[in-house]
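Chemist: For reference, the sequence and a predicted model appear below.
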Amino acid sequence: MEAAVIEVLRQAVSQDPNVLKSAEETLKQWETQQGFYIALYNVLSNHSLAIEVRWMAVVYLKIGVERYWRKNAPNAIEDNEKEFLRQHLLRNFDEPMSPLAIQLAVLIAKIARFDCPREWGTLVPTLLEVIRQENSLAQRQAVLTLHHVVKALASRRLADGQRLKKN
């Protein structure tokens, strides 16, 4: 599936409206297929691919998390795929492209909003461990990610508190 995903993501950045429309339709169909989000992660992690293709991969990962991460969502992402993403996203702190690094941090924060601390209790300790390392690129990415995670968790707590006030 990964080679097909790469090809369709290349088409999704095309300037030709017909090619673009066809690619978007294909990606929409794949959103609910098991393995699609792992393939997107693999594309995102492949530094030899064009940044535009990797950018589209992270965009579709974020869309998928928003639409299908909840257990009660129609066509929810399978638990094994979620676990794969939780484990592997934290291995991408060597991302040299700043725009992608920011989107990775936002993606991790979106997942944290749903899964932290119950399903992803290791997130914050892992981020703190990376921050203590000598690799300045990884440190910077971990701090950025921690910033977005704290914002996401704070907004969730705020929303929970507002719901309680209404009841």
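Modeler: That came in fine, so what should we check first? These numbers were taken from a predicted model, which means no experiment stands behind them.

Chemist: What's the mean pLDDT across the helix or strand harbouring residue 57?
Modeler: Secondary structure assigned from DSSP states H and E places residue 57 in helix 51-68. Helix 51-68 shows a mean pLDDT of 97.

Chemist: And it, what does it pack against?
Modeler: On a contact count with 3 or more C-beta pairs under 8 Å, 6 or more residues apart in numbering; DSSP states H and E, helix 51-68 meets helix 2-12, helix 36-45, helix 98-115. Bear in mind the C-beta positions are built from the backbone N, C-alpha and C, glycine included.

Chemist: tell me the most buried of the ones you listed?
Modeler: Mean neighbours per residue, mean count of other C-beta atoms under 10 Å, is largest over the helices and strands packed on helix 51-68 for helix 36-45, with a mean of 21.

Chemist: if I pick the residue positioned nearest the centre of the chain, what's in contact with it?
Modeler: With distances taken as C-alpha atoms, centre = their mean, residue 107 lies nearest the centre of the chain, 3.6 Å away. Applying C-beta atoms under 8 Å, 6 or more residues apart in numbering, we find residue 107 in contact with 58, 61, 62, 65, 89.

Chemist: Narrow these to those that are buried.
Modeler: 58, 61, 62, 65, 89 (16 or more other C-beta atoms under 10 Å).

Chemist: low-confidence ranges in the chain?
Modeler: Residues of the chain meeting the criterion pLDDT under 70: 157-167.

Chemist: Name the nearest of the buried ones among the contacts of residue 107 relative to residue 111.
Modeler: residue 65 (5.8 Å; C-beta to C-beta).

Chemist: Can you give the domain ranges for this protein?
Modeler: Domain assignment for the chain by the TED database gives 1-90, 92-166.
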